[in-house]
Structure formats: structure tokens, C-alpha cells
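Asks: I need the structure of the sequence given here:
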Amino acid sequence: RNANIFTRFISRKNKNYDPRKKTVVTKNERYARASVFALYGVFVCFLFVPGTNYSVKSAVNHAFFESNAKQTDVVCSDSGLQCKTLKKGYGQRPPNKKCSVYVHYEGSLLDGTIFTSTKHLNKAICTKLDSVIPGLAEAIGKMQIGEERQVFIPSHLAYSRNGKLNHDSLVNIPPNTPIIFNVQLCGIQ
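Replies: Next comes the predicted model:
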């Protein structure tokens, strides 16, 4: 009986339904429907909130990028990407975004927590530039072979509001989190 009452609350028909007339909905049913739809609306609204403390996190991240941009050895791009050259390169640059490159990298959050690394491997990883996050593709596209950079990637050029669940490590990347990559370009295929 209780299941029947619930389905009656959320259904458009009730026991007084007559296809030749308008549906009769009692006052209590209107209140019940309104509360169900209001709760659903609140639930959907919270699905799209990018982070639980988004405004605080956003202010901290903005302050970090502003102070980092004031350093003399950090180069800022128009997109907001910041790069610091750790070792000069000697070779050519990747010709386009569709080419494959060999890289060594280490990715970390702003607090220094490492979420991915190729340090334990003896050879560089081969990847296409159009298959990595936009900030990393932009940074590697401007590097020469042998060059090593520290790349500060704002959240809109990283994993943005989705974040990332890492299957290969225990560290997940929360939504709207900027990240830091230490990248060395080893070769171009």
C-alpha cells in the first residue's frame, strides 16, 4: 500500500483519472509533488557544484599563480600556462599536435603530492600530443629535444571541473585543481 501511495504522488494519474476530463490532483498531492521536485532540483544543483569549497580553493590557486608569475625565470603564456626551464634543449620542436613524442614526466598537486611519474621506468613514454591534457600539450609543443621544464598548469588546462580518478596510483585529482608537471622531452617520432 505504501509503494502505491508513493507512485500515486509522483505519477500524473490518480484514482479519479478520467481521460475525458482534466486530471484531478488533491492539495496534498500537489505539496508532495512540489517537495519531490524541489529535492530533486537541489540534488541536481549539487551535482554541478565544481568543488565543495570552490571559492576558497579558487582564491588560493589564483594567489599561487599570481605570485608564481612574478618570479623572473617563469614564463607565462596567454592561456595562463606557466613554465620554468630547468634544462636547455638542443634539438627540434614537435612540428604539430598530432605527432608522437617521447617524454619523462612527474605530475604533482600544488602541495607536492605526486600522482603520476615515469621515474621508475628506464625508458621514456611515447604519447601523442593530442591525447594529453591541453596544458601539457601546449608546454611540450614549445619544447626542444632534451629540454626539461617545470610546468604549472591551471585547472582549466588540466582536468577542469571533472577531476581525475587515477587507476595507477592512490592519489586522485580533485575537480578544479591546478597541477605541476616536471617534463623532459626525449624525442619526437
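Asks: Can I take it that residue 150 is in a strand?
Replies: Yes: using DSSP: H, G, I helix; E, B strand; the rest coil, the assignment for residue 150 is a strand.
Asks: Quickly find the element holding the nearest residue to it once chain neighbours are set aside.
Replies: Nearest residue to residue 150, sequence neighbours excluded (Cβ to Cβ, 6 or more residues apart in numbering): residue 84, at 4.4 Å. Quick note: C-beta positions are derived from backbone N, CA and C, even for glycine. Assessed by DSSP states H and E, residue 84 sits inside strand 82-87.
Asks: isn't residue 84 right up against residue 139?
Replies: No: when contacts are counted by Cβ atoms under 8 Å, residue 84 is not listed as touching residue 139 (10.5 Å).
Asks: before we move on, back to that, quick one: contacts for the residue nearest to residue 150?
Replies: By Cβ atoms under 8 Å, 6 or more residues apart in numbering, the residues touching residue 84 are 71, 73-75, 149-152.
Asks: Make a PyMOL selection of the buried ones in these.
Replies: To isolate the buried ones among the contacts of residue 84 in PyMOL, judged by 16 or more other Cβ atoms under 10 Å, type:
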select buried, resi 149+150+151+152
